[in-house]
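> Next comes the sequence, and after it the predicted model I'd like to discuss.
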Amino acid sequence: MSVFLSDDWFRAVEGARQDFDDLVAPPGAEDLSIDLRIVDAPDGTIRVALAPGPTGLELQQAAVDAPTIVTMPYAVARAFFVDADFSAAMEAFVGGQILVEGDLATLMALQGPVSSRHQELQARIKALTE
């Protein structure tokens, strides 16, 4: 098991994704690119990207300059990206813990239905995360 957003975690997730090369980004998210700034992480602020990859929308270790910047606490990012706890993210957004700069409509692409294959990948990611 690896710590969320650590180098080891990104390598483990990449390995898990190899079995899911049939996945694609949800409709409307094919060109999505979000600069994510995760604050309160164990090693300080972490900057990553949410962008289309070989298995759909993926957290990517390389930061990007994107038209939308989302800043959120580490605990909220972990709840959203590891536990798939969308309600935690909504509560954090409404409570002002998630800040969005740029095109807020970009985030609407993240609200689509999740396929059973995406759920399988999500379960695998959760299992490899401390």
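Here it is on my side, so go on. Numbering: from 1, shown residues only.
> In a helix, R117, correct?
Yes. Using DSSP: H, G, I helix; E, B strand; the rest coil, the secondary structure at R117 is a helix.
> who touches stretch 23-36?
The contact list for stretch 23-36 (CB atoms under 8 Å, 6 or more residues apart in numbering) reads 47-52, 55-57, 59, 63-72, 77, 106-110, 112-113, 115, 117-118, 121. For glycine as for every other residue, the C-beta is placed from the backbone atoms N, C-alpha and C.
> now do 6 Å
Under the contact criterion CB atoms under 6 Å, 6 or more residues apart in numbering, stretch 23-36 has outside partners 48, 50-52, 55-57, 64, 66, 68-70, 109, 112, 117.
> Quick one: end-to-end distance for it.
End-to-end distance of stretch 23-36: 22 Å, with CA to CA, to the nearest Å as the criterion.
> Could you do stretch 93-102 as well?
End-to-end distance of stretch 93-102 (CA to CA): 15 Å.
> I'd like the distance from the residue lying closest to Y74 once chain neighbours are set aside to G96, if you could.
Nearest in space to Y74, with sequence neighbours left out and distances taken as CB to CB, 6 or more residues apart in numbering, is A41 at 4.3 Å. Using CB to CB, to the nearest Å, A41 is found at 19 Å from G96.
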